[in-house]
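J.: sequence unknown, structure follows:
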């Protein structure tokens, strides 16, 4: 799924940035805090897969002393706002999907290489408890199609002491993206024994994500999230899904958090 494939090589730069922020926290006025969330997550190995892969669950947030960390959904793509005006934010979004080989899927279908996706997001907080977000990303390798997601999150929190979020997800893909993972061309049909299938673009899945963060001490905390997506439309009707994969696409992650800098870890209202 969209944010399930966070890039592992991002961990080292994030840690370096967090440590650097800690070293200079006392020099900043007002002081800033940096929170690093890091742990494993289990998610489908590729769209429509019935196999799972373990990857990193990573998030990095910064906040001024006396302010709460801004809400970020646990399944968001990697990226931070470049423009933040009131309740509106806009910025880059990066996504990653592992390669799919014929031996992985169990049929002689074309390989889909490692997909690096780049694009952007826009989000709006309608109220302190309700946020809407739209993402769009282009595959620069691998599937080379366009993918997107529309999401909404209800957020309940007590400062940084604890935060609970839950909300629906709608995932979309264009025809090039959908054909890469769910299509079966004439040559592939002959080689694999599957019926030929030429899907179009549109809504790929509908799902729900819930997450919870809890501060254990001034510095340490824990986070957990779960996501469930159900393939629909051509993605669900594809013989690749019906015979070699699954319409059910669950993901789960658990992580520890550590807050660098500042004198307080929470603001309770």
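T.: Arrived safely, thanks for sending. Note that the structure is a prediction, hence the values are computed from the model and not measured.
J.: which SS class is the residue located most distally from the centre of the chain?
T.: Distance from the C-alpha centroid of the chain peaks at residue 190, with 35.6 Å (C-alpha atoms, centre = their mean). The three-state assignment at residue 190 reads helix, by DSSP: H, G, I helix; E, B strand; the rest coil.
J.: that one and residue 196: what is the separation?
T.: According to C-beta to C-beta, to the nearest Å, residue 190 stands 9 Å off from residue 196. Glycine gets a C-beta too; all of them are placed from N, C-alpha and C.
J.: and for those two, which residues touch both?
T.: Counting by C-beta atoms under 8 Å, 6 or more residues apart in numbering, residue 190 and residue 196 have no contacts in common.
J.: just the pLDDT at residue 27, thanks.
T.: Looking at residue 27, its pLDDT is 46.
J.: ok, the residue farthest from the centre of the chain to residue 184 distance?
T.: Going from residue 190 to residue 184 by C-beta to C-beta gives 10 Å.
J.: ditto for residue 157
T.: When distance is defined by C-beta to C-beta, residue 157 is 46 Å away from residue 184.
J.: more neighbours, these two?
T.: Using other C-beta atoms under 10 Å, the more surrounded residue of residue 157 and residue 184 is residue 184, with 24 against 19.
J.: dump the residue contacts of the more buried one.
T.: Going by C-beta under 8 Å, 6+ apart, residue 184 touches 109, 192, 194-198, 238-240.
J.: what two of the residues you listed have the greatest distance between them?
T.: Maximum pairwise distance among the contacts of residue 184 (C-beta to C-beta): 14.7 Å, between 192 and 198.
J.: can you pick out the residue with more neighbours from those two?
T.: residue 192 (21 against 14).
J.: isn't the more buried one right up against residue 109?
T.: Yes. Counting by C-beta atoms under 8 Å, residue 192 touches residue 109, with 5.6 Å between them.
J.: out of the helices and strands in this structure, which is least certain?
T.: In the chain, no helix or strand scores lower on mean pLDDT, DSSP states H and E than helix 11-24, which sits at a mean of 43.
J.: and whatever helix or strand comes next after that one, how far from the chain's centre?
T.: Of the helices and strands lying after helix 11-24 in sequence (DSSP states H and E), the nearest is strand 32-44. How far strand 32-44 lies from its chain's middle: 11 Å, per C-alpha atoms, centre = their mean, to the nearest Å.
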